[in-house]
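Visitor: what follows is a protein structure lacking sequence information:
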(Lines give C-alpha, C1' and ligand atoms only; values in the text may rest on other atoms or scores of the structure.)
Protein backbone atom coordinates (compact mmCIF):
# COMPACT_ATOMS: atom_id res chain seq x y z
CA UNK A 1 0.00 0.00 0.00
CA UNK A 2 1.40 3.42 -0.85
CA UNK A 3 1.92 5.34 2.35
CA UNK A 4 0.13 8.45 1.01
CA UNK A 5 -3.10 6.49 0.60
CA UNK A 6 -2.57 4.78 3.93
CA UNK A 7 -2.09 8.12 5.67
CA UNK A 8 -5.33 9.42 4.20
CA UNK A 9 -7.23 6.26 5.11
CA UNK A 10 -5.93 6.43 8.64
CA UNK A 11 -7.06 10.03 9.20
CA UNK A 12 -10.68 8.95 9.29
CA UNK A 13 -9.96 6.72 12.27
CA UNK A 14 -8.98 9.71 14.36
CA UNK A 15 -12.42 11.11 14.96
CA UNK A 16 -13.72 7.74 16.11
CA UNK A 17 -10.83 7.48 18.51
CA UNK A 18 -11.76 10.90 19.91
CA UNK A 19 -15.44 10.24 20.35
CA UNK A 20 -14.94 6.93 22.10
CA UNK A 21 -12.86 8.65 24.77
CA UNK A 22 -15.75 10.82 25.94
CA UNK A 23 -18.44 8.19 26.72
CA UNK A 24 -18.33 8.74 30.47
CA UNK A 25 -20.06 11.13 32.83
CA UNK A 26 -20.10 12.24 36.45
CA UNK A 27 -22.44 12.62 39.41
CA UNK A 28 -22.04 15.20 42.17
CA UNK A 29 -23.99 16.84 44.95
CA UNK A 30 -24.04 18.04 48.55
CA UNK A 31 -25.07 16.57 51.90
CA UNK A 32 -26.28 18.63 54.87
CA UNK A 33 -26.57 17.01 58.28
CA UNK A 34 -29.38 17.20 60.79
CA UNK A 35 -27.86 20.45 62.11
CA UNK A 36 -28.14 22.02 58.67
CA UNK A 37 -24.36 22.17 58.23
CA UNK A 38 -22.28 20.42 55.50
CA UNK A 39 -21.73 16.79 56.51
CA UNK A 40 -18.24 15.37 56.02
CA UNK A 41 -17.62 11.64 55.59
CA UNK A 42 -21.14 10.65 54.54
CA UNK A 43 -21.06 7.55 52.33
CA UNK A 44 -22.61 8.06 48.90
CA UNK A 45 -23.61 4.83 47.18
CA UNK A 46 -24.21 4.94 43.43
CA UNK A 47 -25.99 1.88 42.04
CA UNK A 48 -26.48 1.38 38.33
CA UNK A 49 -29.87 -0.19 37.60
CA UNK A 50 -29.87 -0.91 33.85
CA UNK A 51 -26.82 -3.17 34.20
CA UNK A 52 -24.85 -4.23 37.27
CA UNK A 53 -22.61 -1.54 38.68
CA UNK A 54 -21.82 -0.20 42.18
CA UNK A 55 -19.70 2.82 43.08
CA UNK A 56 -18.95 4.53 46.39
CA UNK A 57 -17.58 7.95 47.35
CA UNK A 58 -17.49 10.02 50.56
CA UNK A 59 -18.31 13.68 51.07
CA UNK A 60 -15.47 16.13 51.68
CA UNK A 61 -15.23 18.69 54.47
CA UNK A 62 -17.68 20.90 52.61
CA UNK A 63 -20.22 18.10 52.41
CA UNK A 64 -19.64 17.81 48.65
CA UNK A 65 -19.29 14.60 46.68
CA UNK A 66 -18.11 14.07 43.12
CA UNK A 67 -17.69 10.81 41.20
CA UNK A 68 -16.23 10.96 37.68
CA UNK A 69 -15.84 8.23 35.08
CA UNK A 70 -19.32 6.71 35.31
CA UNK A 71 -20.67 4.97 32.20
CA UNK A 72 -23.83 6.59 30.91
CA UNK A 73 -26.87 4.79 32.33
CA UNK A 74 -29.64 4.66 34.96
CA UNK A 75 -28.60 5.18 38.60
CA UNK A 76 -30.01 5.32 42.13
CA UNK A 77 -27.97 7.44 44.56
CA UNK A 78 -28.26 7.03 48.34
CA UNK A 79 -26.56 8.59 51.36
CA UNK A 80 -25.57 6.58 54.46
CA UNK A 81 -24.42 7.79 57.88
CA UNK A 82 -23.00 5.27 60.35
CA UNK A 83 -24.22 2.44 58.14
CA UNK A 84 -27.81 3.72 58.01
CA UNK A 85 -29.45 4.89 54.80
CA UNK A 86 -30.73 8.41 55.37
CA UNK A 87 -32.05 9.38 51.95
CA UNK A 88 -31.91 8.43 48.28
CA UNK A 89 -32.62 9.84 44.83
CA UNK A 90 -33.45 8.26 41.50
CA UNK A 91 -33.62 6.37 39.37
CA UNK A 92 -32.07 8.97 37.06
CA UNK A 93 -30.31 8.80 33.72
CA UNK A 94 -26.90 10.41 33.32
CA UNK A 95 -25.71 12.24 30.20
CA UNK A 96 -22.38 13.14 28.57
CA UNK A 97 -22.34 16.56 30.21
CA UNK A 98 -23.77 15.47 33.56
CA UNK A 99 -27.02 16.24 35.39
CA UNK A 100 -27.91 18.91 37.97
CA UNK A 101 -26.29 18.26 41.38
CA UNK A 102 -28.11 16.04 43.90
CA UNK A 103 -28.81 17.64 47.29
CA UNK A 104 -29.47 15.57 50.42
CA UNK A 105 -30.69 17.90 53.24
CA UNK A 106 -31.25 15.80 56.35
CA UNK A 107 -32.43 18.71 58.48
CA UNK A 108 -35.09 19.67 55.95
CA UNK A 109 -36.09 16.06 55.54
CA UNK A 110 -36.38 15.55 59.33
CA UNK A 111 -38.44 18.71 59.68
CA UNK A 112 -40.69 17.53 56.90
CA UNK A 113 -41.07 14.11 58.51
CA UNK A 114 -41.80 15.64 61.91
CA UNK A 115 -44.50 17.87 60.48
CA UNK A 116 -46.03 15.00 58.60
CA UNK A 117 -45.91 12.72 61.67
CA UNK A 118 -47.52 15.36 63.88
CA UNK A 119 -50.26 16.01 61.37
CA UNK A 120 -50.78 12.29 60.83
CA UNK A 121 -51.04 11.68 64.57
CA UNK A 122 -53.66 14.38 65.03
CA UNK A 123 -55.52 13.29 61.91
CA UNK A 124 -55.59 9.75 63.26
CA UNK A 125 -57.14 10.99 66.51
CA UNK A 126 -59.88 13.05 64.84
CA UNK A 127 -60.16 11.56 61.35
CA UNK A 128 -59.24 14.86 59.69
CA UNK A 129 -56.79 17.75 59.87
CA UNK A 130 -58.81 20.78 60.95
CA UNK A 131 -58.19 24.46 61.46
CA UNK A 132 -58.48 23.80 65.16
CA UNK A 133 -55.51 21.47 64.92
CA UNK A 134 -53.54 24.18 63.23
CA UNK A 135 -54.46 26.50 66.09
CA UNK A 136 -52.95 23.94 68.43
CA UNK A 137 -49.53 24.82 67.07
CA UNK A 138 -47.53 27.65 68.57
CA UNK A 139 -47.14 30.72 66.34
CA UNK A 140 -43.49 29.81 65.85
CA UNK A 141 -44.33 26.22 64.92
CA UNK A 142 -47.08 27.30 62.55
CA UNK A 143 -44.88 29.95 60.94
CA UNK A 144 -42.02 27.48 60.58
CA UNK A 145 -44.32 24.86 59.07
CA UNK A 146 -45.90 27.32 56.65
CA UNK A 147 -42.49 28.64 55.65
CA UNK A 148 -41.13 25.15 55.14
CA UNK A 149 -44.11 24.06 53.06
CA UNK A 150 -43.96 27.24 50.98
CA UNK A 151 -40.23 26.91 50.40
CA UNK A 152 -40.59 23.26 49.51
CA UNK A 153 -43.45 24.01 47.13
CA UNK A 154 -41.41 26.75 45.48
CA UNK A 155 -38.31 24.56 45.27
CA UNK A 156 -40.27 21.68 43.79
CA UNK A 157 -41.86 23.97 41.23
CA UNK A 158 -38.50 25.49 40.29
CA UNK A 159 -36.85 22.09 40.14
CA UNK A 160 -39.61 20.76 37.89
CA UNK A 161 -39.32 23.75 35.56
CA UNK A 162 -35.55 23.35 35.47
CA UNK A 163 -35.69 19.63 34.76
CA UNK A 164 -38.40 20.05 32.13
CA UNK A 165 -36.43 22.73 30.28
CA UNK A 166 -33.18 20.79 30.63
CA UNK A 167 -34.72 17.56 29.35
CA UNK A 168 -36.31 19.30 26.37
CA UNK A 169 -32.99 20.91 25.46
CA UNK A 170 -30.91 17.81 26.07
CA UNK A 171 -33.24 15.58 24.03
CA UNK A 172 -33.08 18.04 21.14
CA UNK A 173 -29.29 18.18 21.43
CA UNK A 174 -29.04 14.39 21.19
CA UNK A 175 -31.21 14.55 18.07
CA UNK A 176 -28.97 17.33 16.64
CA UNK A 177 -31.92 19.71 16.61
CA UNK A 178 -29.68 22.56 17.62
CA UNK A 179 -32.14 25.46 17.46
CA UNK A 180 -34.55 23.65 19.80
CA UNK A 181 -31.65 22.59 22.02
CA UNK A 182 -30.44 26.18 22.39
CA UNK A 183 -33.96 27.37 23.23
CA UNK A 184 -34.59 24.70 25.86
CA UNK A 185 -31.18 24.94 27.50
CA UNK A 186 -31.25 28.75 27.49
CA UNK A 187 -34.50 28.55 29.47
CA UNK A 188 -32.85 26.06 31.83
CA UNK A 189 -29.90 28.45 32.32
CA UNK A 190 -32.30 31.24 33.31
CA UNK A 191 -33.86 29.00 35.98
CA UNK A 192 -30.70 27.23 37.18
CA UNK A 193 -27.82 29.60 36.48
CA UNK A 194 -25.74 27.81 39.11
CA UNK A 195 -25.83 24.43 37.33
CA UNK A 196 -22.63 23.58 35.38
CA UNK A 197 -24.41 20.77 33.49
CA UNK A 198 -26.85 23.28 32.03
CA UNK A 199 -24.07 25.53 30.75
CA UNK A 200 -21.96 22.71 29.29
CA UNK A 201 -24.93 21.31 27.38
CA UNK A 202 -25.90 24.80 26.19
CA UNK A 203 -22.31 25.29 25.01
CA UNK A 204 -22.48 22.03 23.04
CA UNK A 205 -25.79 23.13 21.50
CA UNK A 206 -24.20 26.38 20.34
CA UNK A 207 -21.18 24.52 18.95
CA UNK A 208 -23.50 22.20 17.02
CA UNK A 209 -25.56 25.12 15.73
CA UNK A 210 -22.42 26.97 14.66
CA UNK A 211 -21.39 23.95 12.57
CA UNK A 212 -24.43 24.61 10.36
CA UNK A 213 -23.44 28.24 9.75
CA UNK A 214 -20.69 30.13 7.93
CA UNK A 215 -18.98 33.49 8.04
CA UNK A 216 -20.02 36.08 10.60
CA UNK A 217 -22.96 33.96 11.76
CA UNK A 218 -20.60 31.07 12.53
CA UNK A 219 -18.33 33.41 14.51
CA UNK A 220 -21.20 34.90 16.53
CA UNK A 221 -22.72 31.56 17.51
CA UNK A 222 -19.31 30.05 18.27
CA UNK A 223 -18.68 32.94 20.65
CA UNK A 224 -21.94 32.19 22.46
CA UNK A 225 -20.75 28.62 22.90
CA UNK A 226 -17.45 29.88 24.31
CA UNK A 227 -19.32 32.17 26.71
CA UNK A 228 -21.41 29.25 27.96
CA UNK A 229 -18.29 27.16 28.54
CA UNK A 230 -16.72 30.08 30.41
CA UNK A 231 -19.70 30.16 32.79
CA UNK A 232 -19.43 26.41 33.36
CA UNK A 233 -15.72 26.75 34.12
CA UNK A 234 -16.41 29.64 36.52
CA UNK A 235 -18.75 27.34 38.45
CA UNK A 236 -16.40 24.35 38.33
CA UNK A 237 -12.85 25.59 37.58
CA UNK A 238 -11.17 22.32 38.57
CA UNK A 239 -13.11 20.10 36.16
CA UNK A 240 -10.61 18.88 33.57
CA UNK A 241 -13.40 17.50 31.38
CA UNK A 242 -14.97 20.93 30.90
CA UNK A 243 -11.61 22.44 29.97
CA UNK A 244 -11.09 19.59 27.50
CA UNK A 245 -14.49 20.04 25.83
CA UNK A 246 -14.03 23.82 25.75
CA UNK A 247 -10.69 23.31 23.99
CA UNK A 248 -12.29 21.14 21.31
CA UNK A 249 -14.94 23.81 20.71
CA UNK A 250 -12.18 26.42 20.37
CA UNK A 251 -10.47 24.26 17.76
CA UNK A 252 -13.66 24.20 15.70
CA UNK A 253 -13.75 27.99 16.00
CA UNK A 254 -10.14 27.99 14.70
CA UNK A 255 -8.79 29.46 17.95
CA UNK A 256 -5.86 27.08 18.17
CA UNK A 257 -3.74 28.98 20.72
CA UNK A 258 -6.66 29.31 23.15
CA UNK A 259 -7.49 25.62 22.68
CA UNK A 260 -3.95 24.58 23.51
CA UNK A 261 -4.10 26.69 26.68
CA UNK A 262 -7.30 24.94 27.78
CA UNK A 263 -5.81 21.50 27.03
CA UNK A 264 -2.76 22.40 29.05
CA UNK A 265 -5.03 23.34 31.95
CA UNK A 266 -6.94 20.06 31.61
CA UNK A 267 -3.67 18.12 31.62
CA UNK A 268 -2.50 19.96 34.76
CA UNK A 269 -5.77 19.21 36.55
CA UNK A 270 -5.82 15.56 35.50
CA UNK A 271 -2.21 14.41 34.96
CA UNK A 272 -3.20 10.75 34.74
CA UNK A 273 -5.10 11.43 31.51
CA UNK A 274 -2.88 14.19 30.10
CA UNK A 275 -1.73 12.07 27.17
CA UNK A 276 -5.34 11.37 26.20
CA UNK A 277 -6.25 15.06 26.31
CA UNK A 278 -3.42 15.96 23.93
CA UNK A 279 -4.19 13.01 21.68
CA UNK A 280 -7.79 14.21 21.57
CA UNK A 281 -6.66 17.63 20.43
CA UNK A 282 -4.32 16.15 17.84
CA UNK A 283 -7.18 14.11 16.37
CA UNK A 284 -9.35 17.18 15.99
CA UNK A 285 -6.51 19.25 14.54
CA UNK A 286 -5.85 16.56 11.96
CA UNK A 287 -9.48 16.50 10.93
CA UNK A 288 -9.46 20.27 10.34
CA UNK A 289 -6.26 19.98 8.27
CA UNK A 290 -4.00 21.56 10.89
CA UNK A 291 -1.27 18.97 10.39
CA UNK A 292 1.65 20.95 11.79
CA UNK A 293 -0.22 21.82 14.96
CA UNK A 294 -1.40 18.19 15.20
CA UNK A 295 2.17 16.90 14.93
CA UNK A 296 3.27 19.16 17.78
CA UNK A 297 0.37 17.97 19.92
CA UNK A 298 1.01 14.27 19.29
CA UNK A 299 4.65 14.84 20.24
CA UNK A 300 3.47 16.61 23.41
CA UNK A 301 1.26 13.61 24.24
CA UNK A 302 4.26 11.30 23.87
CA UNK A 303 6.46 13.52 26.05
CA UNK A 304 3.81 13.55 28.81
CA UNK A 305 2.84 9.89 28.52
CA UNK A 306 5.63 7.81 26.92
CA UNK A 307 3.33 4.77 26.95
CA UNK A 308 0.45 6.35 24.98
CA UNK A 309 0.73 4.05 21.98
CA UNK A 310 -1.79 5.72 19.63
CA UNK A 311 0.08 9.00 19.87
CA UNK A 312 3.22 7.29 18.50
CA UNK A 313 1.26 5.99 15.52
CA UNK A 314 -0.33 9.35 14.71
CA UNK A 315 3.00 11.12 15.17
CA UNK A 316 4.52 8.64 12.72
CA UNK A 317 1.76 9.44 10.21
CA UNK A 318 2.57 13.13 10.62
CA UNK A 319 6.31 12.49 10.01
CA UNK A 320 5.55 10.44 6.90
CA UNK A 321 4.33 13.65 5.29
CA UNK A 322 7.83 15.09 5.66
CA UNK A 323 9.61 12.26 3.79
CA UNK A 324 11.64 12.97 0.64
CA UNK A 325 11.48 11.03 -2.63
CA UNK A 326 14.21 10.06 -5.05
CA UNK A 327 13.70 9.93 -8.83
CA UNK A 328 13.54 6.14 -8.64
CA UNK A 329 10.69 6.35 -6.13
CA UNK A 330 12.76 5.50 -3.07
CA UNK A 331 11.40 7.05 0.11
CA UNK A 332 13.71 8.65 2.66
CA UNK A 333 11.84 9.26 5.91
CA UNK A 334 12.85 12.00 8.33
CA UNK A 335 14.47 10.89 11.58
CA UNK A 336 12.01 9.51 14.10
CA UNK A 337 9.47 8.19 11.59
CA UNK A 338 10.47 4.53 11.73
CA UNK A 339 11.01 4.71 15.48
CA UNK A 340 7.48 6.07 16.02
CA UNK A 341 5.86 3.10 14.24
CA UNK A 342 8.18 0.63 15.94
CA UNK A 343 7.37 2.10 19.35
CA UNK A 344 3.66 1.80 18.64
CA UNK A 345 4.08 -1.90 17.79
CA UNK A 346 6.18 -2.41 20.90
CA UNK A 347 3.41 -0.98 23.09
CA UNK A 348 0.42 -2.33 21.13
CA UNK A 349 1.51 -5.35 19.05
CA UNK A 350 -2.14 -6.20 18.38
CA UNK A 351 -3.57 -2.68 18.59
CA UNK A 352 -6.08 -1.00 16.30
CA UNK A 353 -3.31 0.49 14.15
CA UNK A 354 -0.89 -2.47 14.24
CA UNK A 355 -1.40 -3.59 10.63
CA UNK A 356 -1.14 -0.02 9.33
CA UNK A 357 2.07 0.46 11.30
CA UNK A 358 3.56 -2.72 9.82
CA UNK A 359 2.53 -1.61 6.31
CA UNK A 360 4.20 1.74 6.87
CA UNK A 361 7.44 0.09 7.99
CA UNK A 362 7.36 -2.18 4.93
CA UNK A 363 6.81 0.80 2.63
CA UNK A 364 9.67 2.63 4.32
CA UNK A 365 11.86 -0.48 3.89
CA UNK A 366 12.35 -0.72 7.65
CA UNK A 367 12.54 -4.02 9.43
CA UNK A 368 9.72 -5.19 11.64
CA UNK A 369 11.16 -6.70 14.79
CA UNK A 370 9.72 -10.14 15.39
CA UNK A 371 9.59 -9.27 19.08
CA UNK A 372 6.52 -7.19 18.32
CA UNK A 373 4.26 -9.99 19.48
CA UNK A 374 2.22 -10.50 22.57
CA UNK A 375 4.76 -10.17 25.40
CA UNK A 376 2.55 -12.37 27.60
CA UNK A 377 2.49 -15.26 25.14
CA UNK A 378 4.19 -18.43 26.45
CA UNK A 379 7.66 -19.18 25.14
CA UNK A 380 7.84 -21.91 22.47
CA UNK A 381 8.89 -25.32 23.73
CA UNK A 382 12.35 -26.50 22.79
CA UNK A 383 12.57 -29.60 20.64
CA UNK A 384 14.92 -32.43 21.62
CA UNK A 385 17.79 -33.18 19.31
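Guide: Structure received. None of these values were measured; they are calculated from a predicted model.
Visitor: contacts only, for residue 78.
Guide: For residue 78, the contact set (CB atoms under 8 Å, 6 or more residues apart in numbering) comprises 44-45, 47, 85, 87-89. All C-beta spots, glycine's among them, are computed from the backbone N, C-alpha and C.
Visitor: out of these, which is nearest to residue 345?
Guide: Checking the contacts of residue 78 against residue 345 by CB to CB gives residue 47 as the nearest, at 41.5 Å.
Visitor: so the closest one sits in a strand?
Guide: Yes: Residue 47: assigned to a strand according to DSSP: H, G, I helix; E, B strand; the rest coil.
Visitor: top of the contacts of residue 78 by neighbour count?
Guide: Highest neighbour count within those, by other CB atoms under 10 Å: residue 44, with 22 neighbours.
Visitor: sorry, back to before: make JSON lines out of the contacts of residue 78 and add secondary structure, pLDDT and distance to residue 167.
Guide: JSON lines is the format used below for these (DSSP: H, G, I helix; E, B strand; the rest coil; pLDDT from 0 to 100; distance: CB to CB, whole Å):
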{"residue": "44", "secondary structure": "strand", "pLDDT": "93", "distance to residue 167": "24"}
{"residue": "45", "secondary structure": "strand", "pLDDT": "94", "distance to residue 167": "25"}
{"residue": "47", "secondary structure": "strand", "pLDDT": "93", "distance to residue 167": "22"}
{"residue": "85", "secondary structure": "strand", "pLDDT": "90", "distance to residue 167": "28"}
{"residue": "87", "secondary structure": "strand", "pLDDT": "89", "distance to residue 167": "23"}
{"residue": "88", "secondary structure": "strand", "pLDDT": "88", "distance to residue 167": "21"}
{"residue": "89", "secondary structure": "strand", "pLDDT": "88", "distance to residue 167": "16"}
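Visitor: among those residues, which two are most distant?
Guide: Across the contacts of residue 78, the longest distance by CB to CB is 14.2 Å; it joins 47 and 87.
Visitor: re the thing from before, so which of the contacts of residue 78 comes closest to residue 72?
Guide: Once CB to CB is applied, the member of these that ends up nearest residue 72 is residue 47, at 15.1 Å.
Visitor: in the chain, which spans are strands?
Guide: Ranges of strands in the chain, per DSSP state E, are 24-32, 43-48, 53-58, 64-71, 74-81, 84-93, 102-105, 324-325, 331-332.
Visitor: quick one: closest of the ones you listed to residue 310.
Guide: strand 24-32 (17.9 Å).
Visitor: any figure for the gap between residue 222 and residue 253?
Guide: Between residue 222 and residue 253 the computed distance is 4 Å (CB to CB, to the nearest Å).
Visitor: who's more crowded, those two?
Guide: The neighbour count for residue 222 versus residue 253, taken as other CB under 10 Å, is higher for residue 222 (22 against 19).
Visitor: contact partners for the more buried one?
Guide: Contacts of residue 222 (CB under 8 Å, 6+ apart): 206-207, 210, 249, 252-253.
Visitor: derive a PyMOL selection command for the buried subset of these.
Guide: Provided next is the PyMOL selection string for whichever of these are buried by 16 or more other CB atoms under 10 Å:
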select buried, resi 206+207+210+249+252+253
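Visitor: save the contacts of residue 222 as JSON lines, and put in distance to residue 275 and pLDDT too.
Guide: Compiled in JSON lines, the contacts of residue 222 are given as follows (distance: CB to CB, whole Å; pLDDT from 0 to 100):
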{"residue": "206", "distance to residue 275": "29", "pLDDT": "95"}
{"residue": "207", "distance to residue 275": "24", "pLDDT": "93"}
{"residue": "210", "distance to residue 275": "29", "pLDDT": "93"}
{"residue": "249", "distance to residue 275": "21", "pLDDT": "88"}
{"residue": "252", "distance to residue 275": "22", "pLDDT": "83"}
{"residue": "253", "distance to residue 275": "24", "pLDDT": "85"}
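Visitor: which one of the contacts of residue 222 is nearest residue 65?
Guide: Nearest to residue 65 among those, with distances taken as CB to CB, is residue 249, at 27.9 Å.
Visitor: who touches the closest one in this structure?
Guide: 203-204, 207, 222, 225-226, 229.
Visitor: same thing but at 10 Å, please
Guide: 203-204, 206-208, 210, 222, 225-226, 228-229, 255, 258-259, 262, 284 (CB atoms under 10 Å, 6 or more residues apart in numbering).
Visitor: any chance of the contacts of residue 222 in JSON lines, with distance to residue 61 too?
Guide: Below are the contacts of residue 222 laid out as JSON lines (distance: CB to CB, whole Å):
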{"residue": "206", "distance to residue 61": "36"}
{"residue": "207", "distance to residue 61": "36"}
{"residue": "210", "distance to residue 61": "41"}
{"residue": "249", "distance to residue 61": "34"}
{"residue": "252", "distance to residue 61": "39"}
{"residue": "253", "distance to residue 61": "39"}
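Visitor: and stretch 24-39, how far from the chain's centre?
Guide: Stretch 24-39 sits 20 Å away from the centroid of its parent chain (CA atoms, centre = their mean, to the nearest Å).
Visitor: quick one: average pLDDT of that stretch?
Guide: Throughout stretch 24-39, pLDDT has a mean value of 88.
Visitor: so which bits of that stretch are buried?
Guide: Quick answer for stretch 24-39 (16+ other CB under 10 Å): 25-33, 38-39.
Visitor: so where is the stretch 151-300 of the chain shaky, pLDDT-wise?
Guide: Applying pLDDT under 70 to the stretch 151-300 of the chain flags residues 152-153.
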